[in-house]
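Engineer: Pasted the sequence and its predicted model underneath.
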Amino acid sequence: MFRLRAVLLLLGLLLILPAPAASAAAPSVQVVVDGRVVLFDQPPRNVGGRVLVPLRGVFERLGAFVQWEPRARTVIAGRPGTQVVLVIGNPRAAVNGRPVSLDVPPLIIGGRTLVPLRFVSQALGARVEWEALTRTVFIFSIVARPPAVVLLEGTVARVEARSLPPQIFVQRGGVTHMFVVTAETAITQVDVETNRRESIDLLEIRRGDLVRVTADAARRAILIRVSVREVTGRVDFLTSQTIVLADGRAYALADEARFLLDGHEVSRRQVQEGMEVTLRVNPQTQDVIEVRARRVVRLPVPVRIVSLTHNALQPLRAGEILTVTLRGTPGGVATFDVFGVVWGAEMR
């Protein structure tokens, strides 16, 4: 009877003891990303000698986005240039569409998705190191940092297109910034009124233009965008500081405004009232940077005869007066001939 009780007691103890688990919490495993300890609400798990961690804690520290698709039980993690897709319970993943085998499939434990730390970290381009003594996983992100980009908007102080290398100087807030212009620099001009864009040469940029320069860390210009506003009209009044158009619009002239007449650079005094002009205006300051004027060419009006009449109702006799009337273009000069009698008689 005593032996039976002992056997029953032993069986009872075996039933109370938990069965060996397929995975267990990794005792005191610590994860450090770029020198900072990551704290988890769900502790890492050790499955088959592999550490699985909650995906968001590590991946977001690595600069990766994390997306969970509940219906497909799929995790998508990635950052520019890399995408990792894992399916819960599936030992095969995809990196940029390429199938990759996993030692341990992703799991859901405690409502958290746990993924193989080493695989995903390496797939995202990070270096992973294991320190057995302290049971610490060290992760070092390896991010290819693009060169610093300089973005500056300001007014052109001067352009040195003939220097080697060519340079453009842009003023902003009282400070002048220099940029090198290379053969790869793209230069575009935009009319803010019509949004018309065109590629232009460095020589076409004017002092006082509004520009936005995108350059690399070495101050080499990648893109120069010139914003202008073009206004057309007829000159009504022009001084050393102001130009007024026939429709009443008035603009201030920039200190070093440029004047052109029929495509040739001239002094301001040669641009006269009544001339047709196109003004190049800085859309930010509203100052006129350039005045392109055209002479008003008055084409001669073609001569036209409307009617010719005379008062001769019968052959004329000596002493009688012949009156010839010509109607036509005003201001014209005309003569008439009487065959055998008068040639080139002036009409008044």
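Structural biologist: Right, received. Where do you want to start? Only a predicted model underlies this, so the values are computations on that prediction, with no experimental measurement involved.
Engineer: what's across from Val170 in the sheet?
Structural biologist: Beta bridges link Val170 to Val156, His177 when assigned by DSSP bridges.
Engineer: What is the least confident helix or strand in the chain?
Structural biologist: In the chain, no helix or strand scores lower on mean pLDDT, DSSP states H and E than helix 2-16, which sits at a mean of 37.
Engineer: Just after the lengthiest strand in the chain, pick out the following helix or strand.
Structural biologist: In the chain, taking DSSP state E as the definition, the longest strand is strand 220-238. Counting by DSSP states H and E, the next helix or strand C-terminal to strand 220-238 is strand 242-245.
Engineer: Buried residues of that next one, list them for me.
Structural biologist: 243-245 (16 or more other Cβ atoms under 10 Å). No exception for glycine: its C-beta is placed from N, CA and C like everyone else's.
Engineer: Show me what it is packed against.
Structural biologist: strand 220-238, strand 250-261, strand 276-281 (3 or more Cβ pairs under 8 Å, 6 or more residues apart in numbering; DSSP states H and E).
Engineer: Apply 7 Å and report the result again.
Structural biologist: strand 220-238, strand 250-261 (3 or more Cβ pairs under 7 Å, 6 or more residues apart in numbering; DSSP states H and E).
Engineer: Point out the other helices and strands that the longest one packs with.
Structural biologist: With contacts taken as 3+ Cβ pairs under 7 Å, 6+ apart, strand 220-238 sits against strand 175-191, strand 210-216, strand 242-245, strand 276-281.
Engineer: any weak-confidence spans in the protein?
Structural biologist: Within the chain, the ranges that satisfy pLDDT under 70 run 1-28, 80, 120, 143-148, 298-299.
Engineer: all helices of it, in order?
Structural biologist: Applying DSSP state H to the chain gives helices spanning 2-16, 55-59, 117-123.
Engineer: got the CA coordinates for the last one in CSV?
Structural biologist: When you say that, I think you mean helix 117-123. Extracted in CSV, the C-alpha atoms of helix 117-123 (Å, rounded to 0.1, in the frame of the first residue of the first chain):
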residue,chain,number,x,y,z
LEU,A,117,17.8,39.4,-34.3
ARG,A,118,21.0,38.5,-36.2
PHE,A,119,19.2,37.8,-39.5
VAL,A,120,17.2,41.0,-39.7
SER,A,121,19.9,43.2,-38.3
GLN,A,122,22.3,41.9,-40.9
ALA,A,123,19.7,42.1,-43.6
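Engineer: May I see the buried residues of it?
Structural biologist: Residues of helix 117-123 classed as buried: 117-121, 123 (neighbour count, 16+ other Cβ under 10 Å).
Engineer: The second one now?
Structural biologist: Neighbour counts using 16+ other Cβ under 10 Å place 55-59 of helix 55-59 among the buried residues.
Engineer: export the buried residues of strand 242-245 to JSON lines and tack on distance to Arg229?
Structural biologist: Output for the buried residues of strand 242-245, formatted as JSON lines (distance: Cβ to Cβ, whole Å):
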{"residue": "Ile243", "distance to Arg229": "14"}
{"residue": "Val244", "distance to Arg229": "17"}
{"residue": "Leu245", "distance to Arg229": "14"}
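Engineer: one step back: what's the closest of the helices and strands packed on strand 220-238 to Glu290?
Structural biologist: strand 276-281 (3.9 Å; Cβ to Cβ).
Engineer: Could you give the separation of the closest one from the chain centroid?
Structural biologist: With Cα atoms, centre = their mean, to the nearest Å as the basis, strand 276-281 stands 27 Å off its chain's centre.
Engineer: same thing with stretch 254-265?
Structural biologist: 31 Å.
Engineer: Restrict that stretch to CA atoms and write it as CSV.
Structural biologist: Only the C-alpha atoms of stretch 254-265 are listed here, as CSV (Å, rounded to 0.1, in the frame of the first residue of the first chain):
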residue,chain,number,x,y,z
ALA,A,254,18.1,98.0,-59.1
ASP,A,255,21.3,99.8,-58.4
GLU,A,256,23.1,98.2,-61.3
ALA,A,257,20.1,97.7,-63.7
ARG,A,258,21.2,96.7,-67.2
PHE,A,259,19.7,98.5,-70.3
LEU,A,260,19.6,97.0,-73.7
LEU,A,261,18.3,98.6,-76.9
ASP,A,262,17.5,96.2,-79.8
GLY,A,263,19.8,93.6,-78.1
HIS,A,264,22.8,96.0,-77.5
GLU,A,265,23.8,97.2,-74.1
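Engineer: Thank you, goodbye.
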